[in-house]
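A.B. asks: dropping a prediction and its sequence here:
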Amino acid sequence: MIITVKKNASKEDIRNLIKGFENRGLSVTEIQGESFNVFGLVGDTSKLDERLIKANPFVENVTRIAAPYKKANRLFHPEDSVIDVAGIKVGGKENIVVIGGPCSVEGNDMICRIAQQVKAAGGVMLRGGAYKPRTSPYAFQGMGSEGILAMAKARSMSGLPIVTELMSADKLDEFIEYVDLIQIGARNMQNFDLLKAVGRCDKPVLLKRGLANTIEEWIMAAEYIMSEGNDKVIFCERGIRTFEKYTRNTLDLSVIPIIKEKTHLPIIIDPSHATGDWKLVESMSLAAIAAGADGLIIEVHEQPECAWSDGAQSLKPEKFQRVIEKGRAIAHVIGRDM
Ligand code: PEP
Ligand code: MN
(Lines give C-alpha, C1' and ligand atoms only; values in the text may rest on other atoms or scores of the structure.)
(Ligands and ions follow the chains in the order given, each with its own letter.)
Protein backbone atom coordinates (compact mmCIF):
# COMPACT_ATOMS: atom_id res chain seq x y z
CA MET A 1 0.00 0.00 0.00
CA ILE A 2 1.27 3.46 -0.86
CA ILE A 3 0.25 6.52 1.15
CA THR A 4 0.84 10.03 -0.14
CA VAL A 5 1.05 12.64 2.60
CA LYS A 6 0.81 16.43 2.24
CA LYS A 7 3.93 18.50 2.94
CA ASN A 8 2.13 20.51 5.61
CA ALA A 9 1.56 17.41 7.80
CA SER A 10 3.02 17.89 11.27
CA LYS A 11 5.87 15.69 12.53
CA GLU A 12 3.52 14.36 15.21
CA ASP A 13 0.84 13.37 12.67
CA ILE A 14 3.44 11.46 10.64
CA ARG A 15 4.90 9.81 13.75
CA ASN A 16 1.45 8.62 14.87
CA LEU A 17 0.58 7.37 11.40
CA ILE A 18 3.80 5.35 11.12
CA LYS A 19 3.47 4.02 14.66
CA GLY A 20 -0.06 2.81 13.90
CA PHE A 21 1.19 0.81 10.91
CA GLU A 22 4.21 -0.59 12.76
CA ASN A 23 1.97 -1.71 15.61
CA ARG A 24 0.12 -3.82 13.02
CA GLY A 25 3.37 -5.53 12.05
CA LEU A 26 3.93 -3.54 8.85
CA SER A 27 7.24 -2.04 7.83
CA VAL A 28 7.15 1.53 6.56
CA THR A 29 9.52 3.15 4.06
CA GLU A 30 9.46 6.90 3.51
CA ILE A 31 10.37 8.79 0.34
CA GLN A 32 10.63 12.58 0.66
CA GLY A 33 9.26 14.23 -2.47
CA GLU A 34 9.08 17.89 -3.49
CA SER A 35 5.33 18.29 -3.20
CA PHE A 36 4.43 15.24 -1.10
CA ASN A 37 5.98 12.60 1.12
CA VAL A 38 5.29 9.02 0.14
CA PHE A 39 5.09 6.06 2.55
CA GLY A 40 5.31 2.48 1.30
CA LEU A 41 3.82 -0.20 3.57
CA VAL A 42 5.14 -3.75 3.34
CA GLY A 43 3.34 -6.70 4.98
CA ASP A 44 -0.23 -7.95 5.22
CA THR A 45 -2.32 -4.84 4.52
CA SER A 46 -5.54 -6.79 3.91
CA LYS A 47 -7.01 -5.63 7.23
CA LEU A 48 -6.29 -1.95 6.63
CA ASP A 49 -9.18 0.29 5.63
CA GLU A 50 -7.87 2.69 3.00
CA ARG A 51 -10.88 4.98 3.36
CA LEU A 52 -10.15 5.39 7.04
CA ILE A 53 -6.51 6.25 6.34
CA LYS A 54 -7.64 8.75 3.71
CA ALA A 55 -9.93 10.36 6.26
CA ASN A 56 -6.81 11.94 7.85
CA PRO A 57 -6.77 15.56 6.61
CA PHE A 58 -3.03 15.42 5.93
CA VAL A 59 -3.30 12.30 3.71
CA GLU A 60 -3.54 13.13 0.02
CA ASN A 61 -4.02 9.64 -1.42
CA VAL A 62 -3.95 5.93 -0.62
CA THR A 63 -3.22 3.27 -3.25
CA ARG A 64 -3.66 -0.42 -2.60
CA ILE A 65 -1.08 -2.55 -4.42
CA ALA A 66 -2.09 -6.04 -3.23
CA ALA A 67 -5.66 -7.26 -3.74
CA PRO A 68 -7.69 -7.42 -0.49
CA TYR A 69 -8.43 -11.13 -1.05
CA LYS A 70 -5.98 -13.88 -0.14
CA LYS A 71 -7.62 -17.32 -0.32
CA ALA A 72 -9.23 -16.73 -3.71
CA ASN A 73 -6.11 -15.01 -5.07
CA ARG A 74 -4.35 -16.71 -8.00
CA LEU A 75 -1.08 -15.22 -6.73
CA PHE A 76 -0.96 -17.60 -3.75
CA HIS A 77 -2.52 -20.56 -5.60
CA PRO A 78 -1.24 -20.56 -9.20
CA GLU A 79 -2.93 -23.78 -10.31
CA ASP A 80 -6.65 -23.92 -11.21
CA SER A 81 -8.92 -25.24 -8.49
CA VAL A 82 -11.09 -28.10 -9.68
CA ILE A 83 -14.26 -28.42 -7.61
CA ASP A 84 -15.76 -31.88 -7.20
CA VAL A 85 -19.57 -31.79 -7.16
CA ALA A 86 -20.65 -35.33 -6.30
CA GLY A 87 -18.16 -36.72 -8.81
CA ILE A 88 -18.57 -34.02 -11.49
CA LYS A 89 -15.40 -31.97 -11.85
CA VAL A 90 -15.86 -28.23 -12.38
CA GLY A 91 -12.88 -26.14 -13.48
CA GLY A 92 -9.44 -26.95 -14.83
CA LYS A 93 -8.25 -26.78 -18.40
CA GLU A 94 -10.25 -29.61 -19.99
CA ASN A 95 -13.80 -29.96 -18.84
CA ILE A 96 -16.86 -27.79 -19.52
CA VAL A 97 -20.02 -28.71 -17.60
CA VAL A 98 -23.61 -27.96 -18.53
CA ILE A 99 -26.28 -27.66 -15.86
CA GLY A 100 -29.93 -27.60 -16.94
CA GLY A 101 -33.34 -27.54 -15.34
CA PRO A 102 -36.34 -25.36 -14.59
CA CYS A 103 -36.24 -22.06 -12.76
CA SER A 104 -38.61 -23.53 -10.15
CA VAL A 105 -39.43 -27.09 -9.20
CA GLU A 106 -43.13 -27.47 -10.02
CA GLY A 107 -43.72 -31.01 -8.78
CA ASN A 108 -42.24 -34.48 -8.47
CA ASP A 109 -43.10 -35.82 -11.91
CA MET A 110 -42.17 -32.58 -13.64
CA ILE A 111 -38.67 -32.39 -12.18
CA CYS A 112 -38.03 -36.10 -12.74
CA ARG A 113 -39.03 -35.80 -16.41
CA ILE A 114 -36.84 -32.74 -16.92
CA ALA A 115 -33.93 -34.48 -15.20
CA GLN A 116 -34.15 -37.27 -17.77
CA GLN A 117 -34.36 -34.77 -20.62
CA VAL A 118 -31.41 -32.75 -19.31
CA LYS A 119 -29.39 -35.92 -19.01
CA ALA A 120 -30.36 -37.20 -22.46
CA ALA A 121 -29.33 -33.85 -23.95
CA GLY A 122 -25.87 -34.08 -22.37
CA GLY A 123 -26.38 -32.05 -19.18
CA VAL A 124 -24.37 -33.30 -16.19
CA MET A 125 -26.22 -31.56 -13.32
CA LEU A 126 -29.82 -30.63 -12.58
CA ARG A 127 -30.92 -27.18 -11.43
CA GLY A 128 -34.29 -26.31 -9.90
CA GLY A 129 -35.34 -23.70 -7.35
CA ALA A 130 -37.33 -24.70 -4.28
CA TYR A 131 -36.85 -21.46 -2.32
CA LYS A 132 -37.35 -18.64 -4.80
CA PRO A 133 -36.23 -15.02 -4.35
CA ARG A 134 -39.09 -13.24 -6.16
CA THR A 135 -39.38 -9.49 -6.64
CA SER A 136 -43.07 -9.62 -5.72
CA PRO A 137 -44.29 -11.25 -2.50
CA TYR A 138 -47.40 -12.30 -4.49
CA ALA A 139 -45.40 -14.28 -7.06
CA PHE A 140 -44.82 -18.04 -6.62
CA GLN A 141 -42.34 -18.43 -3.78
CA GLY A 142 -41.23 -21.99 -4.52
CA MET A 143 -42.26 -25.38 -3.15
CA GLY A 144 -39.85 -25.18 -0.21
CA SER A 145 -38.93 -28.47 1.48
CA GLU A 146 -41.24 -30.39 -0.81
CA GLY A 147 -39.28 -29.02 -3.76
CA ILE A 148 -35.98 -30.08 -2.19
CA LEU A 149 -37.33 -33.62 -1.74
CA ALA A 150 -38.52 -33.63 -5.35
CA MET A 151 -35.02 -32.57 -6.46
CA ALA A 152 -33.50 -35.36 -4.37
CA LYS A 153 -35.87 -37.84 -6.00
CA ALA A 154 -34.92 -36.57 -9.46
CA ARG A 155 -31.29 -37.04 -8.52
CA SER A 156 -31.76 -40.64 -7.45
CA MET A 157 -33.74 -41.36 -10.63
CA SER A 158 -31.37 -39.69 -13.06
CA GLY A 159 -28.04 -39.88 -11.26
CA LEU A 160 -27.53 -36.13 -11.87
CA PRO A 161 -26.14 -34.09 -8.94
CA ILE A 162 -28.49 -31.25 -7.99
CA VAL A 163 -28.03 -27.52 -7.53
CA THR A 164 -30.60 -25.31 -5.82
CA GLU A 165 -30.67 -21.94 -4.08
CA LEU A 166 -30.29 -21.47 -0.32
CA MET A 167 -31.90 -18.23 0.82
CA SER A 168 -31.61 -18.56 4.55
CA ALA A 169 -29.08 -20.18 6.87
CA ASP A 170 -31.85 -21.84 8.88
CA LYS A 171 -32.37 -24.26 5.95
CA LEU A 172 -28.69 -25.19 5.76
CA ASP A 173 -29.11 -28.60 7.45
CA GLU A 174 -31.71 -29.57 4.86
CA PHE A 175 -29.31 -28.55 2.08
CA ILE A 176 -26.40 -30.43 3.65
CA GLU A 177 -28.55 -33.54 3.67
CA TYR A 178 -29.98 -33.36 0.15
CA VAL A 179 -28.17 -30.86 -2.09
CA ASP A 180 -24.91 -31.39 -4.01
CA LEU A 181 -24.15 -27.79 -4.97
CA ILE A 182 -25.55 -24.93 -2.87
CA GLN A 183 -26.48 -21.86 -4.91
CA ILE A 184 -26.16 -18.42 -3.36
CA GLY A 185 -28.35 -16.20 -5.52
CA ALA A 186 -27.55 -12.78 -6.90
CA ARG A 187 -29.67 -11.05 -4.26
CA ASN A 188 -27.74 -12.71 -1.46
CA MET A 189 -24.23 -12.24 -2.78
CA GLN A 190 -23.49 -9.82 0.04
CA ASN A 191 -25.55 -11.54 2.72
CA PHE A 192 -22.44 -11.99 4.83
CA ASP A 193 -24.02 -14.18 7.52
CA LEU A 194 -25.28 -16.54 4.84
CA LEU A 195 -21.85 -16.58 3.19
CA LYS A 196 -20.21 -17.38 6.53
CA ALA A 197 -22.75 -20.14 7.20
CA VAL A 198 -22.04 -21.93 3.90
CA GLY A 199 -18.34 -21.27 4.53
CA ARG A 200 -18.58 -23.44 7.63
CA CYS A 201 -20.01 -26.42 5.74
CA ASP A 202 -18.26 -28.81 3.41
CA LYS A 203 -20.53 -28.56 0.34
CA PRO A 204 -19.50 -26.84 -2.90
CA VAL A 205 -21.07 -23.40 -3.36
CA LEU A 206 -22.25 -21.75 -6.59
CA LEU A 207 -21.81 -18.03 -5.95
CA LYS A 208 -23.82 -15.86 -8.31
CA ARG A 209 -22.72 -12.31 -9.04
CA GLY A 210 -24.88 -9.65 -7.38
CA LEU A 211 -27.26 -7.54 -9.44
CA ALA A 212 -24.94 -4.53 -9.40
CA ASN A 213 -21.71 -5.72 -7.84
CA THR A 214 -18.14 -5.13 -8.95
CA ILE A 215 -15.82 -8.02 -9.63
CA GLU A 216 -13.84 -7.20 -6.51
CA GLU A 217 -16.97 -7.27 -4.33
CA TRP A 218 -17.84 -10.62 -5.88
CA ILE A 219 -14.39 -12.06 -5.18
CA MET A 220 -14.61 -10.70 -1.62
CA ALA A 221 -17.89 -12.62 -1.24
CA ALA A 222 -16.01 -15.79 -2.25
CA GLU A 223 -13.33 -14.78 0.26
CA TYR A 224 -15.99 -14.70 3.00
CA ILE A 225 -16.91 -18.32 2.24
CA MET A 226 -13.28 -19.41 1.96
CA SER A 227 -12.17 -17.57 5.07
CA GLU A 228 -14.52 -19.84 7.07
CA GLY A 229 -12.76 -22.91 5.68
CA ASN A 230 -14.78 -23.86 2.58
CA ASP A 231 -12.59 -23.60 -0.53
CA LYS A 232 -15.15 -25.12 -2.87
CA VAL A 233 -16.50 -22.02 -4.55
CA ILE A 234 -17.66 -21.76 -8.18
CA PHE A 235 -18.44 -18.28 -9.57
CA CYS A 236 -21.53 -17.76 -11.71
CA GLU A 237 -21.96 -14.66 -13.87
CA ARG A 238 -25.68 -14.01 -14.44
CA GLY A 239 -25.66 -10.53 -15.89
CA ILE A 240 -25.61 -7.17 -14.16
CA ARG A 241 -28.02 -4.29 -14.10
CA THR A 242 -27.28 -1.54 -16.62
CA PHE A 243 -29.28 1.12 -18.47
CA GLU A 244 -30.10 -1.37 -21.25
CA LYS A 245 -33.72 -2.49 -21.48
CA TYR A 246 -33.71 -4.86 -24.47
CA THR A 247 -32.27 -7.53 -22.17
CA ARG A 248 -33.20 -8.37 -18.56
CA ASN A 249 -29.57 -7.85 -17.53
CA THR A 250 -26.30 -7.22 -19.34
CA LEU A 251 -24.10 -10.29 -19.66
CA ASP A 252 -20.55 -9.35 -18.74
CA LEU A 253 -18.43 -11.94 -20.51
CA SER A 254 -15.22 -10.06 -19.80
CA VAL A 255 -15.41 -11.38 -16.25
CA ILE A 256 -14.36 -14.83 -17.47
CA PRO A 257 -10.72 -13.99 -18.26
CA ILE A 258 -10.62 -11.51 -15.36
CA ILE A 259 -11.84 -14.04 -12.78
CA LYS A 260 -9.38 -16.56 -14.20
CA GLU A 261 -6.50 -14.10 -13.95
CA LYS A 262 -7.32 -12.84 -10.46
CA THR A 263 -8.48 -16.12 -8.88
CA HIS A 264 -7.93 -19.87 -9.18
CA LEU A 265 -11.65 -20.70 -8.93
CA PRO A 266 -13.92 -21.92 -11.76
CA ILE A 267 -16.51 -19.68 -13.38
CA ILE A 268 -19.70 -20.68 -15.17
CA ILE A 269 -22.19 -18.52 -17.09
CA ASP A 270 -25.98 -18.28 -16.70
CA PRO A 271 -27.20 -16.97 -20.07
CA SER A 272 -30.85 -17.39 -18.99
CA HIS A 273 -30.93 -14.78 -16.21
CA ALA A 274 -28.33 -12.69 -18.03
CA THR A 275 -30.60 -12.11 -21.04
CA GLY A 276 -34.11 -12.93 -19.83
CA ASP A 277 -34.92 -14.09 -23.37
CA TRP A 278 -34.72 -17.70 -24.63
CA LYS A 279 -33.84 -16.43 -28.11
CA LEU A 280 -30.53 -15.07 -26.82
CA VAL A 281 -29.53 -18.08 -24.75
CA GLU A 282 -27.86 -20.08 -27.53
CA SER A 283 -25.65 -17.29 -28.85
CA MET A 284 -24.57 -16.20 -25.37
CA SER A 285 -23.85 -19.82 -24.39
CA LEU A 286 -21.58 -20.29 -27.39
CA ALA A 287 -19.84 -16.97 -26.72
CA ALA A 288 -19.28 -17.96 -23.08
CA ILE A 289 -17.66 -21.23 -24.08
CA ALA A 290 -15.44 -19.44 -26.61
CA ALA A 291 -14.45 -16.95 -23.90
CA GLY A 292 -13.24 -19.74 -21.59
CA ALA A 293 -16.16 -20.41 -19.23
CA ASP A 294 -15.95 -23.64 -17.24
CA GLY A 295 -19.64 -24.31 -17.69
CA LEU A 296 -23.16 -23.10 -18.31
CA ILE A 297 -26.30 -23.13 -16.20
CA ILE A 298 -29.41 -22.93 -18.40
CA GLU A 299 -33.10 -22.87 -17.55
CA VAL A 300 -35.03 -25.68 -19.26
CA HIS A 301 -38.79 -26.23 -19.26
CA GLU A 302 -41.07 -28.50 -21.28
CA GLN A 303 -43.67 -25.76 -21.71
CA PRO A 304 -41.93 -22.44 -21.10
CA GLU A 305 -45.13 -20.46 -21.74
CA CYS A 306 -46.71 -22.17 -18.71
CA ALA A 307 -43.68 -22.09 -16.38
CA TRP A 308 -44.32 -20.91 -12.82
CA SER A 309 -41.28 -18.59 -13.07
CA ASP A 310 -38.88 -17.35 -15.76
CA GLY A 311 -40.62 -19.06 -18.69
CA ALA A 312 -39.56 -16.33 -21.12
CA GLN A 313 -35.91 -17.25 -20.69
CA SER A 314 -36.35 -21.04 -20.54
CA LEU A 315 -35.36 -23.39 -23.36
CA LYS A 316 -37.39 -26.41 -24.42
CA PRO A 317 -35.36 -29.62 -23.99
CA GLU A 318 -34.67 -29.97 -27.73
CA LYS A 319 -33.27 -26.42 -27.90
CA PHE A 320 -31.17 -27.13 -24.82
CA GLN A 321 -29.76 -30.16 -26.62
CA ARG A 322 -28.93 -28.05 -29.66
CA VAL A 323 -26.99 -25.61 -27.48
CA ILE A 324 -24.95 -28.49 -26.11
CA GLU A 325 -24.27 -29.90 -29.57
CA LYS A 326 -23.11 -26.56 -30.95
CA GLY A 327 -21.24 -25.81 -27.73
CA ARG A 328 -19.29 -29.05 -28.07
CA ALA A 329 -18.02 -27.97 -31.47
CA ILE A 330 -16.69 -24.72 -30.00
CA ALA A 331 -15.27 -26.51 -26.98
CA HIS A 332 -13.29 -28.81 -29.27
CA VAL A 333 -11.87 -25.87 -31.22
CA ILE A 334 -10.43 -24.45 -27.99
CA GLY A 335 -9.17 -27.86 -26.84
CA ARG A 336 -11.82 -28.65 -24.23
CA ASP A 337 -14.50 -31.31 -23.76
CA MET A 338 -18.14 -30.71 -23.02
C1 PEP B 1 -32.20 -18.58 -10.28
O2 PEP B 1 -31.15 -19.20 -10.53
O3 PEP B 1 -33.33 -19.03 -10.50
C4 PEP B 1 -32.08 -17.19 -9.77
C5 PEP B 1 -33.06 -16.65 -9.06
O6 PEP B 1 -30.94 -16.61 -10.12
P7 PEP B 1 -30.32 -15.16 -9.74
O8 PEP B 1 -30.01 -15.21 -8.30
O9 PEP B 1 -29.10 -15.10 -10.62
O10 PEP B 1 -31.34 -14.13 -10.12
MN1 MN C 1 -34.91 -18.25 -12.72
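C.D. replies: Received it, and whenever you're ready, just let me know what you need. Ligands and ions are numbered 1, 2, ... in the order given.
A.B. asks: find the residue closest to the residue of the chain found nearest ligand 1 in space, skipping its chain neighbours.
C.D. replies: Residue nearest to ligand 1 within the chain: Gly185 (3.0 Å; C-beta to the nearest ligand atom). C-beta: built from backbone N, CA, C; applies to glycine. Using C-beta to C-beta, 6 or more residues apart in numbering and skipping residues adjacent in sequence, the residue nearest Gly185 is Glu165, 4.9 Å away.
A.B. asks: what lies in contact with stretch 52-59?
C.D. replies: With C-beta atoms under 8 Å, 6 or more residues apart in numbering as the test, stretch 52-59 has contacts from Ile3, Thr4, Val5, Lys6, Asn8, Ala9, Ser10, Asp13, Ile14, Leu17, Asn61, Val62.
A.B. asks: try 10 Å this time
C.D. replies: Stretch 52-59 is contacted by residues 1, 3-10, 13-14, 16-17, 20-21, 36-37, 39, 41, 49-50, 60-62 when judged by C-beta atoms under 10 Å, 6 or more residues apart in numbering.
A.B. asks: the residue in the stretch 1-150 of the chain that ligand 2 sits nearest to: how many residues sit nearby?
C.D. replies: Distances between the stretch 1-150 of the chain and ligand 2 by C-beta to the ion are smallest at Cys103, namely 3.2 Å. Burial of Cys103 is recorded as 24 neighbouring residues (other C-beta atoms under 10 Å).
A.B. asks: show the pLDDT at the residue nearest to Leu48 when sequence neighbours are not counted.
C.D. replies: The shortest distance from Leu48 to any non-neighbouring residue, by C-beta to C-beta, 6+ apart, is to Met1 (6.4 Å). Looking at Met1, its pLDDT reads 93.
A.B. asks: I'd say Met1 and Thr29 touch.
C.D. replies: No - in this structure, Met1 is not within contact of Thr29 by C-beta atoms under 10 Å, at 11.4 Å.
A.B. asks: show me the contacts for Glu177.
C.D. replies: Applying C-beta under 10 Å, 6+ apart to Glu177 gives the contacts Ile148, Ala152.
A.B. asks: and the pLDDT at it?
C.D. replies: 98.
A.B. asks: likewise for the one 10 residues further on?
C.D. replies: Among the per-residue scores, Arg187 shows a pLDDT of 98.
A.B. asks: what about it, how many neighbours?
C.D. replies: 15.
A.B. asks: same question for Ile96.
C.D. replies: Residues near Ile96, counting by other C-beta under 10 Å: 25.
A.B. asks: nearest residue to it other than its sequence neighbours?
C.D. replies: Ile96 sits nearest to Met338 (C-beta to C-beta, 6+ apart), 4.1 Å away.
A.B. asks: quick one: that neighbour and Arg328 touch, right?
C.D. replies: Yes - Met338 is within contact range of Arg328, at 4.8 Å (criterion: C-beta under 10 Å).
A.B. asks: what is in contact with these two at once?
C.D. replies: Going by C-beta under 10 Å, 6+ apart, residues that sit against Met338 and also against Arg328 are Ile96, Val98, Gly122, Ile289.
A.B. asks: need the contact list for the second one.
C.D. replies: What it means is Val98. Contacts of Val98 by C-beta under 10 Å, 6+ apart are 118, 121-125, 268, 285, 289, 295-298, 320, 323-324, 327-328, 338.
A.B. asks: and for Arg24?
C.D. replies: Arg24 makes contact with Leu41, Gly43, Asp44, Thr45, Lys47, Leu48 under the criterion C-beta under 10 Å, 6+ apart.
A.B. asks: ok, Ala152 next?
C.D. replies: With C-beta under 10 Å, 6+ apart, Ala152 has these contacts: Ile111, Ile162, Thr164, Glu174, Glu177, Tyr178, Val179, Asp180.
A.B. asks: go with 8 Å
C.D. replies: Ile162, Tyr178.
A.B. asks: and it, what element?
C.D. replies: In the assignment (DSSP states H and E), Ala152 maps to helix 145-158.
A.B. asks: does ligand 1 sit close to that helix?
C.D. replies: No - applying C-beta under 6 Å from any ligand atom, one finds helix 145-158 out of contact with ligand 1, separated by at least 12.1 Å.
A.B. asks: run a quick neighbour tally on Ala67.
C.D. replies: Counted with other C-beta under 10 Å, Ala67 comes out at 17.
A.B. asks: how about the strands in the stretch 101-250 of the chain?
C.D. replies: Per DSSP state E, counting those that start in this stretch, the stretch 101-250 of the chain carries strands over the ranges 125-127, 162-165, 181-184, 205-208, 233-237.
A.B. asks: redo the ones you listed as TSV? Include mean pLDDT.
C.D. replies: Formatted as TSV, the strands of the stretch 101-250 of the chain follow (pLDDT from 0 to 100):
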stretch	mean pLDDT
strand 125-127	98
strand 162-165	98
strand 181-184	98
strand 205-208	99
strand 233-237	99
